[in-house]
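Visitor: pasted the sequence and its predicted model underneath.
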Amino acid sequence: MFLGGTNWFSGPSFLKKDEGAPPQEKIFGLVEPDLDTDVRPDSEEPFLVADLQSVIDRHQQWLTLLPRVKPFYAVKCNNTPAVLRVLRALSTGFDCASKRVQTMTFDSEEELRKISLCHPKARLVLRIAVDDSDSLLRLSAKFGAGLGLVEKLLGLAVDLDLTVIGVSFHVGSGCTGSQAFQKAIADARQVFDIASVLGVQISLLDIGGGSNFTSNCEESGPGGQMMYYINDGVYGSLSCIVNDPAHPPIQLLPHRAVGVGEVRYCSVVWGPTCDSFDKVSDSAMIPELQVGDWLLVHHMGAYSVSLSTDFNGFERAKVFPVVTEETRRLLELRHTSVKKQPGDTSVGQKEYCAL
């Protein structure tokens with residue numbers, strides 16, 4: 001971010017790739033070799049670095065911890081092409097809204113009747129309302145059928161000759177208790193039992209999202225208060241501050257080593273627009289910054305790109321995907337081994353070399 005000059009960058013683990021280089025060279029060493037870009041250390045434009053290795057590592061962690069649960073990536077939260085290509089290479093499923101999908105949810109009679117008219121061959125999943133009281137962003141007030149309606153809805157699906165294949169629920173975003181999932185799965189079990197009695201053979205359980213695997217920490221210091229203006233804010237890549245209550249608190253980190261005894265100041269940090277609503281933080285504990293310093297913001301994946309705007313004439317931050325050379329080669333091999341469909345030009349070695 002630009003501190004009236006201060007630039008910023010977001011990405012979880014890229015600094016480990018070249019520990020010996022000076023701070024700014026570590027960033028630009030990642031984006032310069034293979035990308036045609038005008039971003040330089042003296043640039044005043046914000047940009048994002050997408051750490052594709054982080055995507056791969058988390059996918060592997062999911063498969064290790066939940067081997068029976070196939071992940072479906074929510075495209076709406078970050079549709080960066082390179083991220084989608086990597087997930088496709090990993091054979092991940094995709095959760096999206098499109099006229100061409102063949103599997104969809106329903107939670108009311110009206111939806112079933114519309115589906116019977118517009119897409120009678122669709123594979124349907126009954127979404128149920130569950131207890132989401134432990135979540136920061138609750139969804140069951142808007143989506144999901146109560147258990148008392150399940151038998152009626154499944155019966156109507158049978159009468160309309162529609163195919164119901166499963167049950168889904170969502171405990172809400174930022175769920176803080178595992179009991180919510182336990183109770184929701186128990187409710188889903190009841191739906192399976194009701195379906196069995198009606199002769200409806202369902203085999204899929206969609207457990208939605210909402211898991212909160214992050215932890216928060218606080219810092220304090222003896223310094224006074226400072227105020228900074230940077231070149232990205234809540235109308236840009238940091239929209240999660242106001243739009244996503246489940247997002248962990250934003251941490252602004254200087255792109256340099258901070259001494260153990262270095263004074264940290266309680267700092268007010270503003271975004272670049274004319275709107276006083278554009279405040280990134282009113283209590284960031286950071287050491288004193290100078291014009292031209294860089295700030296890092298980690299874990300800015302979901303919704304940071306898809307909800308950003310160009311309000312007030314400030315362009316959206318560019319995204320530069322990065323990945324280790326070893327993983328890059330593996331992706332290229334896997335991609336080129338996939339048999340192409342007629343007319344499909346989206347998969348190939350040349351495309352993956354550029355990521």
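Guide: Yes, it's here.
Visitor: what ranges do the strands span in the protein?
Guide: When assigned using DSSP state E, the strands of the chain occupy the ranges 7-9, 47-51, 72-74, 93-95, 103-106, 123-127, 163-168, 204-206, 225-229, 253-254, 265-270, 279-286, 294-296, 318-322.
Visitor: most packed of those strands?
Guide: Comparing the strands of the chain by mean neighbour count (mean count of other Cβ atoms under 10 Å), strand 7-9 ranks first with a mean of 26. Every residue, glycine included, has its C-beta placed from N, CA and C.
Visitor: looking at the closest residue to residue 277 other than its chain neighbours now. What's its pLDDT?
Guide: Of all residues not flanking residue 277 in the chain, residue 234 sits nearest, at 6.9 Å (Cβ to Cβ, 6 or more residues apart in numbering). Residue 234 carries a pLDDT value of 92.
Visitor: with residue 265 instead?
Guide: pLDDT, residue 265: 89.
Visitor: was I right about it contacting residue 289?
Guide: No - contact criterion Cβ atoms under 8 Å: residue 265 and residue 289 do not qualify, at 9.2 Å.
Visitor: nearest to residue 246, out of the strands of the chain?
Guide: Closest to residue 246 of the strands of the chain is strand 72-74 (Cβ to Cβ; 12.9 Å).
Visitor: okay, now the sheet partners of that closest one, with direction.
Guide: Partners of strand 72-74 in the sheet, by DSSP bridges, are strand 93-95 (parallel).
Visitor: contacts for the strand it pairs with next, please.
Guide: Residues from elsewhere that reach strand 93-95, judged by Cβ atoms under 8 Å, 6 or more residues apart in numbering: 70-75, 84, 87.
Visitor: equivalent analysis for stretch 188-202, please.
Guide: By Cβ under 8 Å, 6+ apart, stretch 188-202 touches 126, 128, 147, 150-151, 154-155, 157-158, 164-167, 169, 205.
Visitor: repeat that for 7 Å
Guide: Residues outside stretch 188-202 that contact it (Cβ atoms under 7 Å, 6 or more residues apart in numbering) are 126, 128, 147, 150-151, 154-155, 158, 164-167, 169, 205.
Visitor: how about CSV for the residues you listed, with distance to residue 252 and pLDDT added?
Guide: CSV is the format used below for those (distance: Cβ to Cβ, whole Å; pLDDT from 0 to 100):
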residue, distance to residue 252, pLDDT
126, 44, 97
128, 41, 96
147, 45, 96
150, 48, 97
151, 53, 97
154, 51, 98
155, 55, 97
158, 56, 97
164, 48, 98
165, 46, 97
166, 43, 97
167, 42, 97
169, 36, 95
205, 40, 96
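Visitor: which of the residues you listed sits closest to residue 260?
Guide: Closest approach to residue 260 among the contacts of stretch 188-202 (Cβ to Cβ): residue 169, at 46.9 Å.
Visitor: spatially nearest residue to the residue most central in space within the chain, not counting backbone neighbours?
Guide: Taking Cα atoms, centre = their mean, the centroid of the chain lies closest to residue 302, which sits 2.3 Å from it. Computed as Cβ to Cβ, 6+ apart, the closest residue to residue 302 that is not its neighbour in sequence is residue 77, at 3.8 Å.
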